[in-house]
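My questions are about this predicted structure, shown below with the sequence.
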There are 2 protein chains.
Amino acid sequence: MYPKILIQLIEELRKLPGVGAKTAERYAFEIIHRDHQDIEAFAKVLLDVKTKLKTCVVCGNITEEPVCGICKDKSRDQSVICVVSHPKDIIAMEKTREFHGVYHVLNGVISTFKGILPEDINVESLIQRVDGSVNEVIIATDPTIEGETTALYIAKKLQIKEANVTRLASGLPIGGHLDYADEMTLIKAMEGRKKI
Amino acid sequence: MYPKILIQLIEELRKLPGVGAKTAERYAFEIIHRDHQDIEAFAKVLLDVKTKLKTCVVCGNITEEPVCGICKDKSRDQSVICVVSHPKDIIAMEKTREFHGVYHVLNGVISTFKGILPEDINVESLIQRVDGSVNEVIIATDPTIEGETTALYIAKKLQIKEANVTRLASGLPIGGHLDYADEMTLIKAMEGRKKI
């Protein structure tokens, strides 16, 4: 019914995560009413993104340089490595302004369900990286089954190293309510209870 | 914090209607994990869409040809014109399979709030189009203030013509509940009541 090129545009937009037919249509109509140069700018960014984006050779974070800004930053404590699943977890950590060490990005988590094996994630370079100069490796994968599996795998691999391996605490989220917490969170909060 | 090109991509995606920072970020990360040729295909469609899409010289619908498929279709009744606000309204009408006439797309509605004047929408070509061969003009703009204003404007302009000017009925939506209907809908449903 719609012209072919518009159908193609709608189909491309439907590929975005969580976008259905109606939303894709809405996006498409908004796009076709833009100026030609605005659409060209969008297309140019798309064409550039894959060529310009690299993976930091040290930590695996996304970067436009061979080594990312955090790894290059001499003011950061290179002896503490925080291991995260994805580059966006770094943004979340950095927002706290409390962590001054460096990162290691796995770019995924081990998942038997999705068939993601330890060799599919950026873990070997972490093992290589942890030498005598590293005091602590904080494993900050998500507190999910996959995140826990990955954390345990990494902890085991690092047993032979001198560095302390730690895991982010699980428990009740600040501002949350006890009666809204799921069982697993409550069990973890009990296990991790502290003297006040 | 993110590499510049990724920030640019997130910004481009944020321009889509109803897309906030978090959603744009999610879209961007999905895109950067695609194959290079998939992203290129997306960019190509964007570059093509504006050049390929034209406005039908007869009705104002979007088309890749000078005249759209519906206007070209000899089996359709050229004496009944259904006036809609946007090309997507044609899709909605066509789904009913009940209308066999032709369309006229205004590509907008008169809006004093948004500063859209009668000369900003595709109405002059409708007046020109309605000659002795046209029996009925069905005004199918939305039952909103703007849609009603536009309908009244068009009806007045067509007064000098011989064609009957009609408006889609307003009332309770099929499958709806009376107690959920807003006042205006209920008033319209009362006004438009029919003998059974």
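Perfect, I can see it now.

Work out which residue lies at the spatial centre of chain A.
A:H86 (1.5 Å; CA atoms, centre = their mean).

Could you measure from that one over to chain B?
Going from A:H86 to chain B by CB to the nearest CB, to the nearest Å gives 8 Å. The C-beta positions use only the backbone N, C-alpha and C, and glycine is treated the same way.

In this structure that residue contacts A:H104, no?
No: when contacts are counted by CB atoms under 8 Å, A:H86 is not listed as touching A:H104 (11.9 Å).

Could you chop chain A up by domain?
Following automatic domain parsing, chain A resolves into domains at A:4-52, A:75-195.

from these, which stretch is densest packed?
domain A:4-52 (a mean of 17; mean count of other CB atoms under 10 Å in any protein chain shown).

per-residue confidence averaged over it?
For domain A:4-52, the mean pLDDT works out to 95.

Put the alpha carbons of the longest strand seen in chain A into CSV.
If you go by DSSP state E, chain A has its longest strand at strand A:77-84. The C-alpha trace of strand A:77-84 is given here as CSV (Å, rounded to 0.1, in the frame of the first residue of the first chain):
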residue,chain,number,x,y,z
ASP,A,77,44.3,3.7,40.1
GLN,A,78,45.5,1.0,37.8
SER,A,79,45.7,-1.5,40.7
VAL,A,80,41.9,-1.8,41.0
ILE,A,81,40.0,-3.3,38.1
CYS,A,82,36.2,-3.3,38.0
VAL,A,83,34.9,-6.0,35.7
VAL,A,84,31.6,-5.1,33.9
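
Now the element after that strand, going C-ward?
Later in the chain than strand A:77-84, the nearest helix or strand by DSSP states H and E is helix A:87-96.

Show me the helices in chain A, by range?
A:4-14, A:21-32, A:36-52, A:69-72, A:87-96, A:124-129, A:145-157, A:183-191 (DSSP state H).

just so I know, which of the domains of chain A lies nearest B:L126?
domain A:4-52 (20.5 Å; CB to CB).

Can the closest one be said to contact chain B?
Yes: contact of domain A:4-52 with chain B (CB under 8 Å from any CB of the partner chain) involves A:4-6, A:8-9, A:12, A:15-18, A:23, A:25-27, A:29-32, A:36, A:39-52.

now the helices of chain A in a markdown table, with distance to B:L168?
Shown next, in a markdown table, are the helices of chain A (distance: least, CB to CB, whole Å):
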| stretch | distance to B:L168 |
| --- | --- |
| helix A:4-14 | 25 |
| helix A:21-32 | 21 |
| helix A:36-52 | 34 |
| helix A:69-72 | 59 |
| helix A:87-96 | 47 |
| helix A:124-129 | 64 |
| helix A:145-157 | 53 |
| helix A:183-191 | 53 |
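
To B:G108, which of those helices lies closest?
Among these, helix A:21-32 sits nearest to B:G108 (CB to CB), with 12.1 Å.

Mind giving me the packing neighbours of that closest one?
Other helices and strands packing on helix A:21-32, by 3 or more CB pairs under 8 Å, 6 or more residues apart in numbering or on different chains; DSSP states H and E, are helix A:4-14, helix B:36-52, helix B:87-96.

Dump the C-alpha coordinates for it into PDB.
Extracted C-alpha coordinates of helix A:21-32, given in PDB (Å, rounded to 0.1, in the frame of the first residue of the first chain):
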ATOM      1  CA  ALA A  21       4.800  -1.900  13.400                       C
ATOM      2  CA  LYS A  22       3.000   1.200  14.700                       C
ATOM      3  CA  THR A  23       6.100   2.800  16.300                       C
ATOM      4  CA  ALA A  24       8.200   2.100  13.200                       C
ATOM      5  CA  GLU A  25       5.500   3.800  11.100                       C
ATOM      6  CA  ARG A  26       5.500   6.800  13.400                       C
ATOM      7  CA  TYR A  27       9.300   7.100  13.300                       C
ATOM      8  CA  ALA A  28       9.200   6.700   9.400                       C
ATOM      9  CA  PHE A  29       6.700   9.500   9.000                       C
ATOM     10  CA  GLU A  30       8.600  11.800  11.200                       C
ATOM     11  CA  ILE A  31      11.800  11.100   9.300                       C
ATOM     12  CA  ILE A  32      10.300  11.700   5.800                       C
END
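
returning to that earlier point: quick one, which of the helices of chain A gets closest to A:G175.
For A:G175, the closest of the helices of chain A is helix A:183-191, at 13.7 Å, according to CB to CB.

which residues are contacting the closest one?
When contacts are defined by CB atoms under 8 Å, 6 or more residues apart in numbering or on different chains, helix A:183-191 is touched by residues A:143, A:170-172, A:178, A:181.

again, only using 6 Å
A:170-172 (CB atoms under 6 Å, 6 or more residues apart in numbering or on different chains).

Lowest-confidence one in these?
Scanning these for pLDDT, the low point is A:L172. It has 83.

picking up where we left off before, of all the domains of chain A, which lies closest to B:D73?
With CB to CB as the measure, domain A:4-52 is the member of those nearest B:D73 (17.1 Å).

that older thread, for the longest strand of chain A, which helices and strands make contact with it?
Packed against strand A:77-84 by the contact rule (3 or more CB pairs under 6 Å, 6 or more residues apart in numbering or on different chains; DSSP states H and E) you find strand A:101-105, strand A:136-139.

Can you list the strands that that strand pairs with?
Applying DSSP bridges to the sheet, strand A:77-84 is found paired with strand A:101-105 (parallel), strand A:136-139 (parallel).
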